[in-house]
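A.B. asks: Just need the structure, nothing else, for what follows:
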Amino acid sequence: MAQTKTARQVGLEVAAQRGVTNPDCYARVFEKYARVVESANGARSWNTQSTPSYNAELKSRCGIDRLAILRATPTTSGIGSRGAFSAGLKLAGDRGYQGEKAQCYARVYQAHAARTATPVGKTGNWYSAPAGPSYVGELWSKCQISA
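C.D. replies: Just a heads-up that it's a prediction; the model follows:
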């Protein structure tokens, strides 16, 4: 099995993407339940099943309501997609926000994000959010975050 990352490392990454307040605890529980899955193209990755015991352990040990986080994470395609939300979560984390503050930041970022041209030689979606008055105002009114 040629895994480049441990289940714990992947758990920490997932916790960061979701903006959880206790990433180390999340990663420990993720590690306990994670199994290697293989995709149709042969790529292997760590994954957990959304079982009642997994969700309950995250809630009881870590105070993390995984189902609430997943419900709050957008899954639509196009502008306003999970990609823009994830980009907003990363920016929120870079600015030191966690938990609900990070989630709120990401939702506002997502609402204002626009796809930008991908630089030559780069892959994936690139997003930018304007720092205009409506963006700054919404960050403050919804999240109490000064831009």
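
A.B. asks: ok, residue 51 touching residue 33?
C.D. replies: Yes. Applying C-beta atoms under 8 Å, one finds residue 51 in contact with residue 33, separated by 7.5 Å. For every residue, glycine as well, the C-beta is placed using N, CA and C.

A.B. asks: Compare neighbour counts for the two and give me the winner.
C.D. replies: residue 33 (19 against 10; other C-beta atoms under 10 Å).

A.B. asks: Quick check: that one vs residue 5, distance?
C.D. replies: Between residue 33 and residue 5 the computed distance is 16 Å (C-beta to C-beta, to the nearest Å).

A.B. asks: residue ranges with poor pLDDT in this structure?
C.D. replies: For the chain, the stretches with pLDDT under 70 are 1-3, 39, 70-82, 114-131.

A.B. asks: Next up, identify which helix or strand the closest residue to residue 86 other than its chain neighbours is on.
C.D. replies: Taking C-beta to C-beta, 6 or more residues apart in numbering, and ignoring the residues beside it in sequence, residue 86 has residue 17 as its nearest neighbour in space, at 6.0 Å. Secondary structure here is read from DSSP states H and E; on that basis residue 17 sits in helix 7-18.

A.B. asks: I'd like to check the angle between whatever helix or strand comes next after that helix and helix 7-18, please.
C.D. replies: Following the chain from helix 7-18 toward its C-terminal end, the next helix or strand by DSSP H and E is helix 23-33. Counting by axes from the mean of the first three to the mean of the last three C-alpha atoms, to 10 degrees, helix 23-33 points 130 degrees away from the direction of helix 7-18.

A.B. asks: helices or strands up against helix 23-33?
C.D. replies: With contacts defined as 3 or more C-beta pairs under 8 Å, 6 or more residues apart in numbering; DSSP states H and E, the secondary structure elements packing on helix 23-33 are helix 7-18, helix 52-57.

A.B. asks: and residue 46, which of the ones you listed is closest to it?
C.D. replies: Go through those one by one with C-beta to C-beta and the one that ends up closest to residue 46 is helix 7-18, at 4.3 Å.

A.B. asks: Roughly how far does residue 147 sit from residue 30?
C.D. replies: Using C-beta to C-beta, residue 147 is found at 32 Å from residue 30.
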